[in-house]
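**Student:** predicted structure and sequence below. I'll ask about it afterward.
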Amino acid sequence: MEPGWLLGGAALLLLLLLPALLALSPAARFQLKIGLYCALCLAASALAAPLCLLRHGGRTVRNMRIIKNMVKTFKYIYGLRFETKGLENFQVEGPCVIVSNHQSILDMIGLMEILPDNCVQIGKKELLYMGPVGLIMYLGGVIFINRKSTSNAKTVMSGVAQTMLDENVKVWVYPEGTRNGNGDLLPFKKGAFHLAIQAQVPIIPVVYSSFSSFYNPAKKLFISGTVLLSTPLVYGWTLCVSGLPAEEKLGSRQRC
């Protein structure tokens, strides 16, 4: 389903607000655009939830198709363009772990541009309590983990590994564990690699190009821009680390 009416309504709202928007300071324009983005997320979630319930009856990864179609309209509202490179490396049959860098709240739009079927994300448990957004994430099959409890996170990830194999599911993880818009990578947390070891599935890296030329909270910058989404390689986990002890397998995440 293409929610053109949602896009049209948001575009009309932007048109009506344009004179006031142009008269505002850069900081005020930035805050207004962020506020609108949050409002769009809430509205799209509230509209998608009943569609997911009517179509599939409850929580299932199949609901991600509905969610994806709604979120993909956001790029037109903000003048964002997504280019892709190496998507042939993304066409992996069966379960896999997808890892990508995490820069900002706009990552979600890029994720939905290339999200494969039967793919769920892993998110922090706090997101579950964000009203309609938490509800739609739950209905879409997002896996929530308690980052403050290492034992809980490990238990959840162990269950995810088995679910991946049983239900032929792909899992998308941000291994940095938090947003980082500095243009480099933070040290990776081990969860995604534990998951790949347990399930013995490939790891697919996805790289977002820097947003800094059009989105920079420190400079109150939020304009139109282009993002390159690239998939440079597919790491065949069993080929890369087969036969190594667990500690060496985890260490190999820096080498493979």
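**Tutor:** On my side now, so go ahead.
**Student:** so where's the protein shaky on pLDDT?
**Tutor:** 1-24, 149-153, 233-256 (pLDDT under 70).
**Student:** hmm, who's touching the strand or helix carrying Pro132?
**Tutor:** Taking DSSP states H and E as the criterion, the element that holds Pro132 is helix 131-139. By CB atoms under 8 Å, 6 or more residues apart in numbering, the residues outside helix 131-139 that reach it are 41-42, 44-46, 48-49, 52-53, 58-60, 63, 67, 121, 123, 127-128, 144. (Each C-beta comes from the backbone N, C-alpha and C, glycine too.)
**Student:** tell me what the helix or strand that comes right after it is packed against?
**Tutor:** Per DSSP H and E, the first helix or strand lying C-terminal to helix 131-139 is strand 143-145. Packing partners of strand 143-145 (3 or more CB pairs under 8 Å, 6 or more residues apart in numbering; DSSP states H and E): strand 119-124, helix 150-167.
**Student:** just checking: what are the partner strands of strand 143-145?
**Tutor:** strand 119-124 (parallel) (DSSP bridges).
**Student:** may I see the buried residues of the partner strand?
**Tutor:** Residues of strand 119-124 classed as buried under the neighbour-count rule (16 or more other CB atoms under 10 Å) are 119-123.
**Student:** equivalent analysis for stretch 87-107, please.
**Tutor:** Per 16+ other CB under 10 Å, stretch 87-107 contains these buried residues: 89-90, 92, 95-104, 106-107.
**Student:** before we move on, what about stretch 165-173?
**Tutor:** Those would be 169-173, for stretch 165-173 by 16+ other CB under 10 Å.
**Student:** ok, now stretch 136-150?
**Tutor:** Neighbour count says stretch 136-150 has 136-145, 147 buried, by 16+ other CB under 10 Å.
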